[in-house]
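[1] For reference, the sequence and a predicted model appear below.
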Amino acid sequence: MTDPNDPTESQQPTARGEIHLGDLLLALKKLPWKDDTQAAAIARSLGFSLEELISKEITPNAIFDNSRFPEHQKTVSPSQNQPPGISVPPQPKPSVELPSMPFTARSNHLKRGLHRK
Amino acid sequence: MKYDPRKFDLPDNYIFEGEGDIEPYLFSEDIAIAVDVAFATERPLLVSGKPGSGKSRLAEAVAALKKWHFLSKTMTSRTRLEELTVELDHLRRLHDAHSGNVAQNGKNSAMKPDWAYHNPGIFLWALNHESAKYRGEGRKAEAGTMGLTIDFPGTFRKQENNTHHTVLLIDEIDKAEPDLPNDLLEPLDRKAFGLPDGSKIMAKDGVNILTIITTNGERELPQAFLRRCVSLKLEEPKKRDLVRIARKHYPNADETRITAIAEKMETFRGEAKKSFRRPPSTSEFLDAVRVCEDLEIAIDDSKNSVWKKVENSVLLKKSNDNDQA
């Protein structure tokens, strides 16, 4: 364990960060690959492969990226077909045709005299 | 042409024959390449695959082939970074503080210095063996006198020039809480980690570590973590490889029986894919081989045969109710 007050101990080991092309070059240089398949396997293990790119098309994160939606989906706007006003669900047709019931306005007041004793 | 690993010695037949308690392991070319890449780039190796596909066994086999120490820790939902680095034993400290106050008037003789309550985790053992053994560098005599020396918690292998290279297995990282992989970035990346008292622990010069991390894929891991690891996905072995694996595990087993069970495995895997069910794993296949060998069970497809019961209980894990349904 190091002493935090000792200046010689304050050196931070360097962070290597994410895997990058340098790692791929290093691996290809150091390792005895013999054919393209083995070189491809080395690249694949480091995350540099065509399969990776293809599989990313269906990752769940893709749904948050609007630019990935096909063109026809972008142009359709559900609000365009809606009539103005409050939307109501479509009414199902009655199985039996009912007679029309005309609505006539009626007075909301009791007839005079009903409250009289 | 077969790949010939440069960073570790692998027999020409790609089979690690086993050593002591460590079981034989059949390497594929993809496995050999991924392990070699992890050694060459000094990056952690993230091994994914179905349960029972041999992820943890791979780490043991690589440690044995390299003749390095082997340390492992299986993650749970309660695992914290401190358990893997250094953990302060609060309970023991509190106990010592309490018993000291009772025993002595004014002076607490039971209390020890803070370092005495440090419990080293596998990262400390891998980065700095002496620091872990004596709870701090240069404390050999002090820790020895006080009886605070700790034994190595894994497989220890004597190495040349008294070096301490280690294969570190962090098993089932997908079981840990989501923040843990991010917490591991610093120890994995810098080979260093901090302590609550502000001091820092760094890898001792010349110490090599191969960290192998396994996941069953039950939880998605953070991108920052994934992008720092060499990745290897263990595929299901084909029928020929299953037979080879079984022969290495049970050299005296009946060849015809092994082949018949391997054929069954292929059938079950095909059916499982169609019905979106979990296919039987390699370890379940080995269990089936062992059961059939020990009990001399013939592979018989008739409805009430003993094999059918073994098939249901060991490979398909079906209850009788489901079977009848």
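    Looks like it arrived, so ask away.

[2] In three-state terms, label the nearest residue to B:Lys273 once chain neighbours are set aside for me.
    If the residues on either side of it in the chain are set aside, B:Lys273 comes closest to B:Pro279, at 7.0 Å by C-beta to C-beta, 6 or more residues apart in numbering or on different chains. Glycine gets a C-beta too; all of them are placed from N, C-alpha and C. With DSSP: H, G, I helix; E, B strand; the rest coil as the basis, B:Pro279 sits in coil.

[3] so what's B:Pro279 up against?
    B:50, B:236, B:268-269, B:272-273 (C-beta atoms under 8 Å, 6 or more residues apart in numbering or on different chains).

[4] now B:Phe285
    B:Phe285 makes contacts with B:242, B:245-246, B:261-262, B:265, B:315, as judged by C-beta under 8 Å, 6+ apart.

[5] Sort out for me which of those residues are in helices.
    Counting by DSSP state H, the contacts of B:Phe285 place B:242, B:245-246, B:261-262, B:265 in helices.

[6] Assign B:Leu210 to helix, strand or coil.
    Going by three-state DSSP: B:Leu210 is strand.

[7] ok, it touching B:Leu169?
    No: with contact defined as C-beta atoms under 8 Å, B:Leu210 does not reach B:Leu169; the gap is 9.5 Å.

[8] Relative to chain A, which of the contacts of B:Phe285 is nearest.
    Checking the contacts of B:Phe285 against chain A with C-beta to the nearest C-beta, the nearest one is B:Ile245 at 21.2 Å.

[9] buried residues in the helix or strand harbouring A:Leu24?
    For A:Leu24, the host element (DSSP states H and E) is helix A:21-30. Of all the residues in helix A:21-30, those buried under the rule 16 or more other C-beta atoms under 10 Å in any protein chain shown are A:23-24, A:26-28, A:30.

[10] which residues touch that helix?
    Here helix A:21-30 makes contact (C-beta under 8 Å, 6+ apart) with A:39, A:42-43, A:46, A:48, B:6, B:37, B:40-41, B:43.

[11] Could you do stretch B:264-272 as well?
    Contacts for stretch B:264-272 (C-beta under 8 Å, 6+ apart): B:236, B:238-239, B:242, B:277-280, B:285, B:299, B:311, B:315-316.

[12] Quick check, pLDDT for A:Lys56.
    The score at A:Lys56 is 52. That number is its pLDDT.

[13] which bits of the stretch 51-200 of chain B sit near chain A?
    B:115, B:118, B:131, B:136-137, B:186, B:189-192, B:195, B:197-200 (C-beta under 8 Å from any C-beta of the partner chain).

[14] same thing but at 10 Å, please
    Selection of the stretch 51-200 of chain B residues close to chain A by C-beta under 10 Å from any C-beta of the partner chain yields B:86, B:115, B:118, B:124, B:128, B:131-132, B:135-139, B:185-186, B:188-192, B:194-195, B:197-200.

[15] Now the buried members of the residues you listed.
    By neighbour count, with 16+ other C-beta under 10 Å, those hold B:86, B:115, B:118, B:124, B:128, B:131-132, B:135-136, B:139, B:186, B:188-192, B:195, B:199-200 as buried.

[16] In strands, which of the residues you listed appear?
    Among these, the ones falling in strands (DSSP state E) are B:86, B:118, B:192, B:200.

[17] okay if I get those residues as JSON lines plus pLDDT?
    Below are those laid out as JSON lines (pLDDT from 0 to 100):
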{"residue": "B:Val86", "pLDDT": "92"}
{"residue": "B:His118", "pLDDT": "88"}
{"residue": "B:Ala192", "pLDDT": "90"}
{"residue": "B:Lys200", "pLDDT": "85"}
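
[18] for stretch B:71-84, the distance to its chain's centre please.
    Chain-centre distance of stretch B:71-84: 12 Å, with C-alpha atoms, centre = their mean, to the nearest Å.

[19] can you pull the buried residues of that stretch?
    Of the residues in stretch B:71-84, B:71-73, B:75, B:79, B:81, B:83-84 count as buried by neighbour count, 16+ other C-beta under 10 Å.

[20] would you turn those residues into TSV with pLDDT and secondary structure?
    Listed next are the buried residues of stretch B:71-84 as TSV, based on pLDDT from 0 to 100; DSSP: H, G, I helix; E, B strand; the rest coil:
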residue	pLDDT	secondary structure
B:Leu71	97	strand
B:Ser72	97	strand
B:Lys73	96	strand
B:Met75	96	coil
B:Thr79	95	coil
B:Leu81	93	helix
B:Glu83	93	helix
B:Leu84	95	helix
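
[21] B:Leu226: which of those residues is nearest?
    The closest of the buried residues of stretch B:71-84 to B:Leu226 turns out to be B:Met75 (C-beta to C-beta; 16.2 Å).

[22] Which residues does B:Leu169 form beta bridges with?
    B:Ser72, B:Ile212 (DSSP bridges).

[23] where in the chain is pLDDT low?
    Picking chain A for this. A:1-13, A:50-89, A:103-117 (pLDDT under 70).

[24] ah, I was thinking of chain B
    B:100-109, B:196, B:319-325.
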